[in-house]
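1. Next comes the sequence, and after it the predicted model I'd like to discuss.
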Amino acid sequence: MDRPLTPLLKNIGTLALLLIVFPINCAIVLVSLMVSWLIAPFQKKTVSKHPQRILLTG
């Protein structure tokens, strides 16, 4: 039989896990965005020869 506190402890454990993982995830996303923004000006942009044809035909 489950004790009455078991669901509460599972919820607290889930919240604690989210509190640990969420800032790490945010930091990874922010670092990847900053890297892409810093690298973007140095990347060579490819210009297609027929942009209208690509837009029309997909």
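-> Received the coordinates, thanks. Please read these numbers as outputs of a predicted model, since none were measured by experiment.

2. Residue 7 and residue 13: what is the separation?
-> Using C-beta to C-beta, to the nearest Å, we find residue 7 at a distance of 11 Å from residue 13. (Glycine included, C-beta is placed from N, CA and C.)

3. and what of residue 39?
-> 39 Å.

4. Report pLDDT for residue 47.
-> At residue 47, the model reports a pLDDT of 66.

5. From here on, call the first residue 25.
-> From this message on, residue numbering opens at 25, which makes the last subject residue 71.

6. On the three-state scheme, residue 69 is what?
-> Recorded secondary structure, residue 69: coil (DSSP: H, G, I helix; E, B strand; the rest coil).

7. any idea how far it lies from residue 59?
-> Distance, residue 69 to residue 59, by C-beta to C-beta: 18 Å.

8. Looking at those two, which is more packed in?
-> Higher neighbour count among residue 69 and residue 59: residue 59, with 10 against 6, using other C-beta atoms under 10 Å.

9. where's the more buried one, which helix or strand?
-> Assigned by DSSP states H and E, residue 59 belongs to helix 30-63.

10. Find the least confident helix or strand in the chain, judged by mean pLDDT.
-> helix 75-81 (a mean of 59; mean pLDDT, DSSP states H and E).
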